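Chemist: This is the structure alone, sequence omitted:
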């Protein structure tokens, strides 16, 4: 049993690679600024003057760190390797899962049921498989009738 790890924009997820593989971050949208999580364009300000033509210099920055974190919309794509209950643990960059907005299975898997829930009891077991209970990390728990590739899930997180 080995661990599958994927990272994007300061967020890291882990899972047992016999359960969940090929995690891709299709979207990471900062809901506070309306930009991709990797973008810093919103910090550049409006030229060298305050918007509206003020006389003082204007150069937005985040040097005090006060604007860090916030609500992020994530869209993940992953493969479920079995019909067992399968956790995906957020080990870095996510403080809390706020909501699951939707889950989409490909048309190639008709008439199958999947349930997805979230908790704040995930645990990172280092090089061993992470678990859905026993800790205090945000976790998604998948349970499907069968293995499925290219499952997509949309969720809101506090990061």
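Modeler: Done, it's in. Worth saying up front: this structure is predicted, and the values here are computed from it rather than measured.
Chemist: In stretch 2-15, which residues are buried?
Modeler: For stretch 2-15, the buried set under the neighbour-count rule, 16 or more other C-beta atoms under 10 Å, comprises 3-4, 6, 8-9, 11-15. Bear in mind the C-beta positions are built from the backbone N, C-alpha and C, glycine included.
Chemist: quick one: which of these is nearest residue 87?
Modeler: Comparing the buried residues of stretch 2-15 against residue 87 with C-beta to C-beta places residue 15 closest, at 6.6 Å.
Chemist: surely the closest one meets residue 87?
Modeler: Yes. Assessed by C-beta atoms under 8 Å, residue 15 is found in contact with residue 87 at 6.6 Å.
Chemist: between the two, what contacts are shared?
Modeler: Contact criterion C-beta atoms under 8 Å, 6 or more residues apart in numbering; residues shared by residue 15 and residue 87: residue 130.
Chemist: just the buried residues of stretch 2-15: which has the poorest pLDDT?
Modeler: Among these, residue 9 carries the weakest pLDDT, at 88.
Chemist: backbone phi and psi for that one, please?
Modeler: Phi and psi for residue 9, reported as degrees, to the nearest 10, are phi 50, psi 40.
Chemist: And residue 16, by the same measure?
Modeler: When read as degrees, to the nearest 10, the backbone of residue 16 gives phi -70, psi 120.
Chemist: mind listing what it touches?
Modeler: 1-4, 86-87, 129-130.
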